[in-house]
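Peer 1: Got a predicted model here, sequence first, then my questions.
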Amino acid sequence: MRHTGNSGRFAAVALCLSLLAAACGGSDDDNDNAGGQTNTTAAATGKTGGVFRIAIGEPAAIDPYNTRESEGTNVNKRLFVGLVTYDGNAELKMRPGVAEKWSFNTDCTQWTFNLRKGSKFTNGEEVTAKSFIDGWTRAVIGTAASQVAYHLTDVQGYKELHAAPPTATTFSGLSAPDPYTFVVKLSASDCEFDKKTGTPVTSPVPSTAGDAKNQTFNEAPVGNGQFMIKPGTKWEHNQKISLVRNDGFFGDKPKLDGIDYTIFPAQGRLDAEYRAFTAGDVDFARIPPALFSQAKSTYEPQGNFLKQEMFGINYIMPNSAKGPLANADARKAVSLAIDRDAINKGVYQGSLTSATALIPPPFGEFYQASTCADTCKYDPVKAKEFATKGGLTPGTHLKLSYNNDGGHEPLVQAWKDQLERNLGVVVDLDGKPFAEQLQQRDKGDFDLARAGWSADYPTADNFLFPLLGTGAEDNDGGYSNKAFDALITKERSPVSDSERKKAIQDAEKLAVGTDAAAIPTYYRTQYRVFDSKKWSGVSLDFHENPTLGTIGPR
Amino acid sequence: MGKYVVRRLLQMVLVLFGASIILFLALFVIPGDPIATSQGEGHQLDKASHDAIARRYHLDQPLPQQYVGYVGRLLKGDLGESYSYRRPVTTIIREKIGNTAKLAVAAIVLEIALGIIAGIIAAVFRYSFLDVLVTLSTTVAIGVPTFVIGLALQNVFAVNLHWLPLQGQQAGRESIILPAITLAAVNIALVARLMRGAMSEVLRADYIRTAYAKGLSKRVVIMKHALRNSIIPVLTYLGISFGALLGGALITETVFNWNGIGLALVGAIQQQDNPIVLGVVTYGVAVFVVVNLIVDISYAFLDPRIRLE
Amino acid sequence: MTEVAPTQSPAPAGEITLEAGAGGFGNVENEATVLGIRQQTQFGDVRRRFFRHKLAVVGLVMVGLVFLAAIASPVIATRPPKAQDLTNTLQEPSSAHWFGTDELGRDQFSRVIYGSRIAVTVGLASIILALVIGVTLGAVSGYLGRGWDAVIMRTADVFFAFPLIIGAIVVILVMGRGVTPVVISLGIFSWATIARLLRSSILSIREAEYVEAARSLGAGKWRIVTRHVLPNSMAPVLVYAMVSVATAIVAEAALSYLGAGVQPDVPDWGNMISAGQKFFGFKDYLWFFPSMAVVFTVLGFIFVGDGLRDALDPRLR
């Protein structure tokens, strides 16, 4: 799970899908397309060839042991395929990767993955259960000091292997009864463990990978994915990374001959990336917020403007546990005092979509536009009434915490102005770097916090329990409602699909509508520009990277 | 002479030690956890991972021990490893120093060419229109902040005239023109002022009058006699400024997105990548101090009147 | 780092010129001093020479205008500097908004006027701080000499070796953003030159004939320092300080431009330039007017500094 601090994603993780625990056992149903991972029909007709050029920042790492932010993930997911995959999926289904099928025992503590035969690394070595044991051990061992090993916390032997210094050299929870059977024993029950086995850190590695400090492998990892590092080259730091198609890939072959990543300095990259696109130096770019109207009017008529709703939400986290906003009416007053549309139009050139729900629209049937429709709108008169009812008296100081490294200054300044004008309160802005802001929120040292949330696993549950469940890790607002918790428990138990849906929707209505324990502001709408005359099959994957597996020339 | 050099070297080591202690302490007391920051927006780390990472960067040791370890490695030419990129800081500096050096050389060439010529013209034609022009424009140049000069140049030559690239280095050789002018602007002005001052003084000297009296042409007098005798303070200043330039140009590199060590430093500060901050600043201070020393010593060689004590 | 240029280069330049002149400064009026003639005569001369200097007078007027803007901000500004108007964002300059409006619809003219408060506050406060530290340490170093001198001068070397902006950023990382941290950070990385200047000035004046004379007349050590040595050694320091105010104002704007200055919602020129740069190439008035405000203020202080230098030591022209 992750909070988002920036408009761009500097986030690791995220993988996996599959809707719910029950789907795990039934994953065989999805296996009719046994040979491949994705089956985008439109893509099947396209031509092949071409080199797609993308601008990225210097990745932190592309070696699976420490791949964590979006730049590294972009490259890593081209080079490696794990046990399961949903990379490039638009419809959010977890699909088989190297594992053809998998199963787990009754208490979800032992998982057995059956691997496909004959899939190979690009150096010709076969991908077997040992490749996974090697990859996981190499990443988790304490001396590697991986920043993403936490995905495997619940695997037996993690503690010993991950200690500094390690007290074991092997990963005791992993075993390979035969080369094509990979068994994982967990120290705690986790019925959704398979969702984690698509993250970069769970990639298989060939026997030549060595340990995490092997610089050759760090800079030119040998993988089993759709692409490989162009032979004879490696990651040229701060310059470029070149990939070519892996013709030996077991699944759907990509259409592109290759991908050229140009590495730009991280500072001012958004501008540089967009300018490089306008100059014809790259084929795909994000849009700096200030240039949104310009970009839209230039590229939309040409069909070069991509708009996609993503799995994320921006919201205000009120401190429901203590202080002036412990009262639900006071929180509603805040929500009603904020003019979402005016800020969108005035500050963001209309590029945002005002939110009236916490679970965003891409969730389809789970999405309910009316969740907080009556309080998630601008109404200063009603705001004042609620403030009076909720004891939010003029002159009350409200500390608004935000991260000052994500370009949110105009947004929080607008909120401050509107709250002060409509409610007579005094808003104290408290900007800190993202990591520090998280610590501050953790301590409950705020009244309001600017918050963003992108799901690691795109389940509706992932937008409710972690943020609002009693005692949940990321519930920094301290909201606690037994009725809400009961609905979550129900939704997580083996019930029918319609009952689950109802429980989730009722839970959202209760926490966000009735209790205003989270104040939704904007959905996560993403925009890109690309050359539609040259390329087809361009959209965004779950990581908000281009779907390089399906892109082809026109 | 030898004694002087040794004393200066010892002083230099002292300065470097002092600077490294100040920096080290400051970076250590900065609020916030660098490990958490380098994690970006990922999941907050479990304690075991945090400990393993702390150990990798020696952050599990008490501060004095960390400092001793840092100095020990520094003496071996090891500046440590970046938190964000996990690569040696020396390698990262080496990759970027080329870009910074290119910019520094281009800037110093401009400073020498334009600054010295403008200064000579102003001094020779004292109180003429040209002199007033030089004096006035240098005064203004000194008053305009670097980032304003950069933005103005970008606006005129890149946005409006489309003659030169706006920023970055993708466009090849011509990308360097605007950042070099930006970086050099203030120093051109200062060099011109210095040159004018020094030259004016020399031109009043008796031996210049003697030279004219001998019937030498104005050109010979100025280029041979006056220039040689007035250029020393200018060279001193140029030397010191080159040392500063090599240390990286924080603002020019930011304005022009120039991939040098100044930009790396700005990024590292944002990411709390302390090894890079420590490494780049230590390097910058070291270059500055060393160049200063070289300038002082060569000064003595150039001007026999200076006696070193 | 060459941004040192705006920020630090005046330092070396100032040093070279000033130190050259410092030795001789005492001689100019020393007879008068010894004869007990009031200091006013000296200041009178200085004042006369200063006001004959055209650029200096222009500079004085410019600085005066900036001070006026700072003191009378609420009167001059057409709107409160933080008042937002989301229906009027990013408006080009017009009769309603002379300098246009920003992304939150705030009146840029009013923000530029209020910005002078930060500039003046930071410029003066940081240099006063640098003077307090620099003069104290420089005087101790120059007059007590020996061990004191060595320790203080080596410390000064260390601070001198840090480029101003970088040193300041490190301090602000420790203290957080805000006016006070900016003042402190600029102050503690500006005192070194002041201390050096004062020290060398004291060293030369201490041996001057008129000090010798005062000493032989039986004047006490304290009296010699306060009545003779300090007043006469302060001239180069004051000139340097005046130019340093300009340097500090540029540095403050640069820090805010880099996101390490005052808080982002404060109307401040560096903040405005940094925010306006996002709209570079099509909303250029956003960075242009605050930039001009910085240039105007800085030039004002430099002109005054130049005039002051020439007035204090006419031989330097």
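Peer 2: On my side now, so go ahead.

Peer 1: got the residues of the stretch 151-300 of chain C near chain B?
Peer 2: Residues of the stretch 151-300 of chain C found near chain B (C-beta under 8 Å from any C-beta of the partner chain) are C:154-155, C:157-158, C:161-163, C:165-166, C:169-171, C:173-174, C:176, C:246, C:250, C:253-254, C:257-260, C:273, C:277, C:280-281, C:284, C:287, C:291, C:294-295, C:298-299. Yep, even glycine has a C-beta here, placed from its N, CA and C like the rest.

Peer 1: one more time with 7 Å
Peer 2: C:154, C:157-158, C:161-163, C:165-166, C:169-170, C:173-174, C:246, C:250, C:253-254, C:257-258, C:273, C:277, C:281, C:284, C:287, C:291, C:294-295, C:298-299 (C-beta under 7 Å from any C-beta of the partner chain).

Peer 1: Any chance of a PyMOL selection covering the buried ones in these?
Peer 2: Selection of buried members from these for PyMOL, criterion 16 or more other C-beta atoms under 10 Å in any protein chain shown:
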select buried, chain C and resi 157+158+161+162+163+165+166+169+170+173+174+246+250+253+254+257+258+273+277+281+284+287+291+294+295+298+299
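
Peer 1: Just give the number of residues close to B:Leu16.
Peer 2: Around B:Leu16 there are 20 other residues, counting by other C-beta atoms under 10 Å in any protein chain shown.

Peer 1: actually A:Lys117, not the one I typed
Peer 2: 12.

Peer 1: now the closest residue to it other than its chain neighbours: how far from chain B?
Peer 2: Nearest residue to A:Lys117, sequence neighbours excluded (C-beta to C-beta, 6 or more residues apart in numbering or on different chains): A:Tyr180, at 5.9 Å. From A:Tyr180 across to chain B, the span is 31 Å (C-beta to the nearest C-beta, to the nearest Å).

Peer 1: Can you give me the neighbour number for A:Tyr180?
Peer 2: If you count neighbours by other C-beta under 10 Å, A:Tyr180 ends up with 19.

Peer 1: Likewise for the one 5 residues further on?
Peer 2: Residues lying near A:Lys185 (other C-beta under 10 Å) number 16.

Peer 1: And the next helix or strand past the helix or strand it falls within?
Peer 2: Taking DSSP states H and E as the definition, A:Lys185 sits inside strand A:181-185. Next along the chain after strand A:181-185, taking DSSP H and E as the criterion, comes helix A:215-219.

Peer 1: Show me what that following helix is packed up against.
Peer 2: Judged by 3 or more C-beta pairs under 7 Å, 6 or more residues apart in numbering or on different chains; DSSP states H and E, helix A:215-219 is in contact with no other helix or strand.

Peer 1: Now do the buried residues in that helix.
Peer 2: Buried-residue list, helix A:215-219, by 16+ other C-beta under 10 Å: A:Phe217, A:Asn218, A:Glu219.

Peer 1: hmm, back to that, please flag which of the residues of the stretch 151-300 of chain C next to chain B sit within helices.
Peer 2: Of these, the ones assigned to helices by DSSP state H are C:154, C:157-158, C:161, C:165-166, C:169-170, C:173-174, C:246, C:250, C:253-254, C:257, C:273, C:287, C:291, C:294-295, C:298-299.
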